[in-house]
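In: coords please:
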Amino acid sequence: MWQRDLRLHVQRAVGAGELSADTDADQLVYELVGVMLALNHFLQLRHDPSAAARARRAVHRLLGS
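Out: Numbers count the residues shown, from 1 in each chain. Predicted coordinates:
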């Protein structure tokens, strides 16, 4: 359900010009979910202190900010 809402917000951001017009909303949601799953894995299972910073960089790269 939250992924549907995220997709809606991505589509709104595209419509508002905040994301590129050629943004594939489904692909972006897929990749953002992947970053969140990786963050959880590296925090919970690997106790990686750099996981949050890596996830933050990945999200910034995906969103172009």
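In: what sits against the spatially most central residue of the chain?
Out: Taking C-alpha atoms, centre = their mean, the centroid of the chain lies closest to L32, which sits 2.4 Å from it. Residues in contact with L32 (C-beta atoms under 8 Å, 6 or more residues apart in numbering) are 6, 59, 62. The C-beta positions use only the backbone N, C-alpha and C, and glycine is treated the same way.
In: The second one is in contact with G34, isn't it?
Out: No - contact criterion C-beta atoms under 8 Å: V59 and G34 do not qualify, at 10.8 Å.
In: who's more crowded, those two?
Out: Comparing V59 with G34 by neighbour count (other C-beta atoms under 10 Å), the higher total belongs to V59, at 15 against 12.
In: Can you tell me the element the more buried one falls in?
Out: For V59, the host element (DSSP states H and E) is helix 51-63.
In: And that helix, what's buried?
Out: Residues of helix 51-63 classed as buried: 51, 55, 58, 62 (neighbour count, 16 or more other C-beta atoms under 10 Å).
In: which residue packs closest to the first one, ignoring adjacent ones?
Out: Leaving aside its sequence neighbours, A51 sits nearest to F42 (C-beta to C-beta, 6 or more residues apart in numbering; 3.8 Å).
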